[in-house]
Every structure is written in C-alpha cells, then in structure tokens.
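Asks: return atomic coordinates for the entry below.
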Amino acid sequence: MSNTVLGMFYYADHIIAAARTLKGAGYGVEVHSAIPLDHELEAEFGRRTNYLKFFTGFGAINGIIIAVVFSLGTSALYVLPRGGRPLFSATPTILLAYVFFILFGVLFTFIGFMILSNTLPIKKKIDIPEIWTQDGFGLVIEDVSDEKFKHVEKVLKESGAGEVKTVDGW
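Replies: So this is what the prediction gives:
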C-alpha cells in the first residue's frame, strides 16, 4: 500500500535540502509554503515549464477560426445582393477575427490560470493548517510504499523536520 507522507519544517533551507535529497532518490515531492520560495526552488530544481501560454495560443487560434467561420457562414446563409459588390467581404471578417482573437485568448487564459493554479477542485487536496497558521513549510511525498516509509522518515528527520506524519485522502 502506498502512503502520502508530510514533513513539517520550520526553516526554508532545511526543506529545500530534504526536497533535493528525496528528489534525487526518485520520489515525487511537493513543497507547500505560506511565502513564495520560487527563486530558491528554481535554483535547485530548474525552471518549471509555464503551460499558460499554450492555453492563450489555443484560445486565440480558435477565436480566429470561429470568427472567420461565423462571418463567412453568415454571409453564405443570408445572401443579400448588394449591387455587384463581393458577397464575402474582408473588412468585417478581419474586424470580427481580431475581436474574437482577443476575446478567446483572454477567456482561455483565464480558464488555463484557474486550472493550473489548482483553484478548480479537479484534484482532491487536504488543507494543512500548520503551514498557513504557523511559520512552517510542508514537504509532501506521494506514493511512498510501506517498506520505504522508514527511509523517507529518516531523511526528513535528518534534514530537520519537526514532524513527520502520513496523510490520508491526499
């Protein structure tokens, strides 16, 4: 059976050292902090890929496609003879494509932000009140088997964890 282990730390240097050790041993780690540790974690583990730009690009391209189909489709469905002028005009199509480009880009950026920041309840998470109410940091190690629990606990204690416990329902 695999467990989720939570190590509570009181110093940022200790949690980064423990995360480095456990990441090197092949465990998946998550650092939870009330203050941003992005710079310190980036120096240790490298820059994380920002996927938000893909949401924006996908939305913008879909906005252009929807606007062109909408504009040209409306012109084809509701034919109004206009004295020899072309049925499919470029000016309203470009204007509508520009507006939909921005609209869909912004909407998909917002949706992507909500998904990537874990604001939506997609993955079940538990609250760790010690991190937010005290001066503490939490290191979560997922999928730790029973035989490797002692090793993870030893590494966390040696790195300066104040408390090590298993968490149910993570």
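Asks: ok, P81 to K148 distance?
Replies: 77 Å (C-beta to C-beta, to the nearest Å). C-beta here means a position set from N, CA and C on the backbone, and glycine is covered the same way.
Asks: looking at the two, which is more packed in?
Replies: K148 (17 against 7; other C-beta atoms under 10 Å).
Asks: per-residue confidence for the more buried one?
Replies: Looking at K148, its pLDDT is 85.
Asks: so N118: helix, strand or coil?
Replies: Look at N118: counting by DSSP: H, G, I helix; E, B strand; the rest coil, its state is coil.
Asks: I figured A67 hits I94, correct?
Replies: No - the criterion here is C-beta atoms under 8 Å, and A67 misses it with I94 at 9.0 Å.
Asks: who has more neighbours, the two?
Replies: Legend: neighbour count by other C-beta under 10 Å for A67 and I94, higher for A67 (22 against 14).
Asks: next, count neighbours for the closest residue to that one other than its chain neighbours.
Replies: Counting by C-beta to C-beta, 6 or more residues apart in numbering, A67 lies nearest to F100, which is 3.6 Å off, once chain neighbours are set aside. Counted by other C-beta under 10 Å, the residues lying close to F100 total 21.
Asks: packing partners of the helix or strand containing F100?
Replies: For F100, the host element (DSSP states H and E) is helix 90-116. Helix 90-116 sits against helix 52-77, with contacts defined as 3 or more C-beta pairs under 8 Å, 6 or more residues apart in numbering; DSSP states H and E.
Asks: returning to what we had before: which ones are touching the residue nearest to A67?
Replies: Counting by C-beta atoms under 8 Å, 6 or more residues apart in numbering, F100 touches G63, I64, I66, A67, F70.
Asks: try 6 Å
Replies: G63, I66, A67 (C-beta atoms under 6 Å, 6 or more residues apart in numbering).
Asks: can you give the domain ranges for this structure?
Replies: 2-34+135-167, 52-116 (automatic domain parsing).
Asks: now tabulate those domains in TSV and tack on distance to L41.
Replies: Listed next are these as TSV, based on distance: least, C-beta to C-beta, whole Å:
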stretch	distance to L41
domain 2-34+135-167	6
domain 52-116	17
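Asks: which one of these lies closest to F45?
Replies: Nearest to F45 among those is domain 2-34+135-167; the distance by C-beta to C-beta comes to 6.8 Å.
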